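Visitor: This is the structure alone, sequence omitted:
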């Protein structure tokens with residue numbers, strides 16, 4: 001008698017080239033899912049992924065590109081930054097609407113997971129923490145901030161499509177994501193590691209670039225693997241259906257404690273906050289040739305500094321003048337009890353980059 005095996009479950013990751021997208025794709029593939037990775041260039045470097053190329057702003061192109069995917073689980077971790085929040089709302093709500101409309105005729109979608117973030121509680125880029133914001137630690141049942149916010153527009157598109165077609169949904173509100181990914185510069189671990197490496201090369205101290213509040217206050221972050229674990233859990237577990245969840249490591253820390261540990265790991269001196277932020281954009285201006293020479297000397301895989309470090313992105317997170325950390329009670333009560341120790345998350349990620357010859 002011939003044994004037959006059931007076909008693999010099918011998933012679509014929208015935004016497959018970012019940190020979250022690469023990480024959740026790897027986990028799905030390891031668990032046996034046939035995983036399609038959608039991005040504009042169709043070039044995710046995750047082994048085993050089925051790359052799909054389409055512009056999320058082009059409904060016709062999406063319909064054509066996704067016609068044979070038939071996913072039961074859709075994971076949306078993509079967004080596009082624009083100059084104003086009004087543009088963010090227009091563009092990023094359309095991304096959700098276009099993807100779900102393109103998939104609707106296939107009638108295969110059972111669950112859609114959407115990754116957003118803590119701007120849900122803080123307000124948009126234009127008014128970041130300037131008006132009334134939610135109290136810390138942030139709880140999922142907090143009322144929406146009274147300001148335009150593309151996260152709210154994305155959620156509303158998700159809810160409307162769920163109501164119309166019957167799939168279940170989950171929303172995952174992450175903080176700053178620590179994780180390993182290739183080809184994406186908006187990555188604090190890699191940005192700070194590149195900064196530390198340049199400081200060591202030039203004999204400079206690592207100077208904390210952010211605010212007094214971030215240096216001295218309590219904060220948290222999100223490990224990319226933990227985020228992926230929660231997304232897959234919610235997409236395969238009834239307790240995760242039709243709920244929004246915070247996702248952070250489960251511990252809290254102060255940068256004044258972690259910063260010296262990072263400096264010690266890289267073998268450099270350090271300076272903390274003194275009188276005002278000393279941004280990475282200013283400190284690292286014109287360092288492209290320094291990195292190129294350093295990378296060449298050490299046989300590194302990438303000589304282009306702009307493909308590795310996003311100074312403005314880390315400056316934005318570390319420069320906040322507001323307290324920012326989350327509560328994980330809802331997720332734990334629902335049955336997702338995974339966690340990460342933040343220092344371990346940071347340094348394990350650094351070692352992955354070293355193993356890949358992205359860092360010396």
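Guide: Cool, got the structure. Just so it is clear, the structure is predicted and the values come from calculations on it, not from any experiment. Numbers count the residues shown, from 1 in each chain.
Visitor: can you give me the helices in this structure?
Guide: Ranges of helices in the chain, per DSSP state H, are 19-30, 59-65, 85-103, 119-122, 150-165, 188-202, 212-216, 224-236, 255-266, 280-283, 288-298, 311-318, 329-334, 342-355.
Visitor: Residue 206 contacts residue 199, doesn't it?
Guide: Yes. The criterion here is Cβ atoms under 8 Å, and residue 206 meets it with residue 199 at 5.2 Å. Just so you know, the C-beta spots here come from the backbone N, C-alpha and C atoms, and that holds for glycine as well.
Visitor: wouldn't residue 147 be in contact with residue 122 here?
Guide: No. With contacts counted by Cβ under 8 Å, residue 147 stays clear of residue 122, the gap being 9.7 Å.
Visitor: The two - which one has more neighbours?
Guide: residue 122 (22 against 18; other Cβ atoms under 10 Å).
Visitor: what does the model give the more buried one for pLDDT?
Guide: Reported pLDDT at residue 122 in the predicted model: 88.
Visitor: Distance-wise, check it relative to residue 227.
Guide: Distance check for residue 122 against residue 227: by Cβ to Cβ, to the nearest Å, it reads 18 Å.
Visitor: Over to residue 210?
Guide: Noted for residue 210: a distance of 23 Å to residue 227, by Cβ to Cβ.
Visitor: Just want to know which of these two has more residues nearby.
Guide: More crowded of residue 210 and residue 227, by other Cβ under 10 Å: residue 227, with 27 against 23.
Visitor: residues contacting the more buried one?
Guide: Applying Cβ atoms under 8 Å, 6 or more residues apart in numbering to residue 227 gives the contacts 20, 23-24, 115, 172, 174, 177, 179, 247.
Visitor: same check, this time on residue 242
Guide: By Cβ under 8 Å, 6+ apart, residue 242 lies in contact with 162, 168-170.
Visitor: Tabulate those (CSV), appending neighbour count, pLDDT and distance to residue 354.
Guide: Formatted as CSV, the contacts of residue 242 follow (neighbours: other Cβ atoms under 10 Å; pLDDT from 0 to 100; distance: Cβ to Cβ, whole Å):
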residue, neighbour count, pLDDT, distance to residue 354
162, 18, 98, 43
168, 17, 98, 40
169, 22, 98, 38
170, 23, 98, 34
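Visitor: still on that earlier bit, kindly indicate the member of the contacts of residue 227 with the most neighbours.
Guide: Neighbour counts for the contacts of residue 227 (other Cβ under 10 Å) peak at residue 24, which has 31 neighbours.
Visitor: residues touching that one, list them.
Guide: 13, 75, 77, 227-228, 231-232.
Visitor: just curious, which of the residues you listed is nearest to residue 310?
Guide: Closest approach between those and residue 310, by Cβ to Cβ: residue 77, at 16.8 Å.
Visitor: roughly how far apart are that closest one and residue 336?
Guide: For residue 77, the distance to residue 336 - Cβ to Cβ - is 18 Å.
Visitor: again, but for residue 308
Guide: For residue 308, the distance to residue 336 equals 32 Å [Cβ to Cβ].
Visitor: How about residue 9?
Guide: The gap separating residue 9 from residue 336 is 19 Å, by Cβ to Cβ.
Visitor: For those two, indicate the residue with more neighbours.
Guide: The residue with more neighbours, out of residue 9 and residue 336, is residue 336; 20 against 17, by other Cβ under 10 Å.
Visitor: From residue 70, how far out is residue 162?
Guide: 18 Å.
Visitor: make that residue 300, sorry
Guide: 41 Å.
Visitor: so where's the chain shaky on pLDDT?
Guide: 1-4, 125-132, 185 (pLDDT under 70).
Visitor: Tell me which residues of stretch 65-75 come out buried.
Guide: Under the neighbour-count criterion of 16 or more other Cβ atoms under 10 Å, stretch 65-75 has 65-66, 69, 71-75 buried.
Visitor: An error on my part: the question was meant for stretch 42-49.
Guide: 44, 46, 49.
Visitor: Show me the contact partners of it.
Guide: 13, 16-17, 21-22, 25-26, 29, 35-37, 51-54, 182-183.
Visitor: Save the helices of the chain as TSV, and put in distance to residue 140 too.
Guide: Supplementary listing: the helices of the chain in TSV, determined by distance: least, Cβ to Cβ, whole Å:
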stretch	distance to residue 140
helix 19-30	19
helix 59-65	30
helix 85-103	19
helix 119-122	9
helix 150-165	12
helix 188-202	24
helix 212-216	24
helix 224-236	13
helix 255-266	25
helix 280-283	32
helix 288-298	41
helix 311-318	21
helix 329-334	5
helix 342-355	21
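Visitor: still on that earlier bit, now, which of the contacts of residue 24 sits nearest residue 258?
Guide: residue 227 (19.3 Å).
Visitor: Am I right that residue 181 is in contact with residue 188?
Guide: No. Under the criterion of Cβ under 8 Å, residue 181 makes no contact with residue 188, lying 11.6 Å away.
Visitor: Okay then, goodbye and thanks.
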